[in-house]
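Visitor: Below are the sequence and a predicted model; questions follow.
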Amino acid sequence: DTEVTQTPKHLVMGMTNKKSLKCEQHMGHRAMYWYKQKAKKPPELMFVYSYEKLSINESVPSRFSPECPNSSLLNLHLHALQPEDSALYLCASSQEQRNTEAFFGQGTRLTVV
Amino acid sequence: AQTVTQSQPEMSVQEAETVTLSCTYDTSESDYYLFWYKQPPSRQMILVIRQEAYKQQNATENRFSVNFQKAAKSFSLKISDSQLGDAAMYFCAYTRTSGSRLTFGEGTQLTVNP
């Protein structure tokens, strides 16, 4: 199994809503990542978890709250988002935090209205 | 800081022909990895090919090969016998061997014409 699975694939939420994005991998990878990607732009790193501990936060606003309940799961909790937060959110994983090869999910297309 | 530059925002190629996508990077590190990722309309980033900086031999994966010039900090991707399914955005990416951050270029949108 070399898949990273993200749910939901699409999400529309209001600025007062609370929602969560989910990511799952069963490759035994110990590093997991959240990226944000705007249209026709490269992904931008948001968070890195290594061995279930947050190791990198790229100065992401607190309305984005990551969580790593176990080594296979990664969540991104969303609250009070702004329309400019609309983007594709990609989850990735790699064997270790030393990122020799990252596997990406298909992403969640988020629209904030 | 490391930077990755893809100077071709768009490229097109005829089916069955060969195309080369350019990538240059800037780093003071001697040990690092370089990647080409493909992102089709399905949105998933798919690893196409990987090159370790300490290896002089250019990486090859079926129809995909790279021309890695370490001194020139150049890492181009050659796609041979292009297929319609190769149409996608292609990102060049860099990471330090000891690092955890992928630095991406701006991408090259490849169109394959039948």
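Guide: Cool, the structure landed.
Visitor: Can you tell me how far the spatially most central residue of chain B is from A:Glu52?
Guide: Centroid check for chain B by C-alpha atoms, centre = their mean gives B:Trp36 as the closest residue, at 3.2 Å. According to C-beta to C-beta, to the nearest Å, B:Trp36 and A:Glu52 sit 30 Å apart. All C-beta atoms are positioned from the backbone trio N, CA, C, and that covers glycine.
Visitor: Can you report how many residues lie near B:Ser42?
Guide: Look at B:Ser42: counted by other C-beta atoms under 10 Å in any protein chain shown, it has 9 neighbours.
Visitor: Please apply the same query to A:Ser59.
Guide: By other C-beta under 10 Å, neighbour count at A:Ser59 equals 5.
Visitor: Mind telling me what element it is part of?
Guide: For A:Ser59, there is no host helix or strand (DSSP states H and E).
Visitor: And it, what's its pLDDT?
Guide: According to the prediction, A:Ser59 has pLDDT 91.
Visitor: Need phi/psi at it.
Guide: A:Ser59 adopts backbone torsions of phi 50, psi 40, taken as degrees, to the nearest 10.
Visitor: In contact with A:Cys23: list those residues for me.
Guide: Counting by C-beta atoms under 8 Å, 6 or more residues apart in numbering or on different chains, A:Cys23 makes contact with A:Val4, A:Thr5, A:Gln6, A:Met32, A:Trp34, A:Leu73, A:Leu74, A:Asn75, A:Leu76, A:Cys91, A:Gly105.
Visitor: Could you dump these into CSV with neighbour count, secondary structure and pLDDT added?
Guide: As requested, the contacts of A:Cys23 are exported to CSV (neighbours: other C-beta atoms under 10 Å in any protein chain shown; DSSP: H, G, I helix; E, B strand; the rest coil; pLDDT from 0 to 100):
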residue, neighbour count, secondary structure, pLDDT
A:Val4, 26, strand, 95
A:Thr5, 13, strand, 96
A:Gln6, 24, strand, 97
A:Met32, 26, strand, 93
A:Trp34, 25, strand, 96
A:Leu73, 14, strand, 97
A:Leu74, 27, strand, 98
A:Asn75, 17, strand, 98
A:Leu76, 23, strand, 98
A:Cys91, 25, strand, 96
A:Gly105, 26, coil, 94
